[in-house]
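**Q** fold the stuff below for me.
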Amino acid sequence: MTGKTHISIGLATSATVLSISNPTVKNVVAGLIIGTLGSLMPDIDTSKSTISYKVRKILLYIIIAVLTTYVLISNFSTQIETINSVLQRIGLNKLVSYVPHNLRFSNIGLVIILACMIFSKFTKHRSFAHSIFGLVLFTIGFKLLLGNLALYFTVGFISHIVADTLTNSGIEIFYPIRKKVALKLIHTGSVIDHVIGGLAFVCFIFTMVKIF
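**A** As a prediction, the model looks like this:
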């Protein structure tokens, strides 16, 4: 499916999970951001050069770079509280509060995430990064890095691989077993693809109205 459809489905599923937990505003914002990240992550393995793919990959790398930078600073700077206060002045206090205090776990989580991203670049599109194996490894990494917020990443990731099983191309969901699962109900970029994306976005808006 197209990137826009994946984002819409990721937002809708993340919002649905949020709606059953009586969330605060900051939890909603964080959940939607992490959920969207999860819905984009499987396509880290693509080498397509269209603008939409480039934009999505840039966003992925920016988010990972921000998290990596913060954890590294936390490890090697004795002035982390000063850095936190500066970030708070520019409105990022809600973001930094989510980074776990156990830096050993954070470090391990980052290593797992970055290793998965690098490995994905050496595998075929819709293989490792679209598999249950990839889902488990990425989720472990984000769990160690972001704690309970990893739930939204997992939800977004699952929404992506489920959606892609509906397409003609299918995915290697049981990677490293190379057999593809393809229900062949939807052609990527077709009218049905865009309709599903539109309906998912409407569902997202409706759910957000319900939350607030």
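
**Q** got phi/psi on the residue lying closest to residue 34 once chain neighbours are set aside?
**A** With C-beta to C-beta, 6 or more residues apart in numbering as the measure, residue 152 is the residue that lies nearest to residue 34, at 4.3 Å, once sequence neighbours are left out. C-beta here means a position set from N, CA and C on the backbone, and glycine is covered the same way. The phi/psi pair for residue 152 (degrees, to the nearest 10) reads phi -70, psi -30.

**Q** my read is that residue 152 contacts residue 38, right?
**A** Yes - in terms of C-beta atoms under 8 Å, residue 152 counts as a neighbour of residue 38; the distance is 6.6 Å.

**Q** so who does the residue positioned nearest the centre of the chain touch?
**A** To find the centre residue of the chain, average its C-alpha atoms and take the closest one (C-alpha atoms, centre = their mean): that gives residue 38, at 1.6 Å. The neighbourhood of residue 38, defined by C-beta atoms under 8 Å, 6 or more residues apart in numbering, consists of 10, 14, 152, 153, 154, 155, 156, 157, 158, 159, 160.

**Q** next, format those residues as CSV and append secondary structure.
**A** Converted to CSV, those look like this (DSSP: H, G, I helix; E, B strand; the rest coil):
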residue, secondary structure
10, helix
14, helix
152, helix
153, helix
154, helix
155, helix
156, helix
157, helix
158, helix
159, helix
160, helix
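
**Q** closest one of these to residue 144?
**A** Top of the list for closeness to residue 144, among the contacts of residue 38 and by C-beta to C-beta, is residue 153 at 11.8 Å.

**Q** skipping adjacent residues, who's closest to that closest one in space?
**A** Closest residue to residue 153 apart from its sequence neighbours, by C-beta to C-beta, 6+ apart: residue 38 at 3.8 Å.
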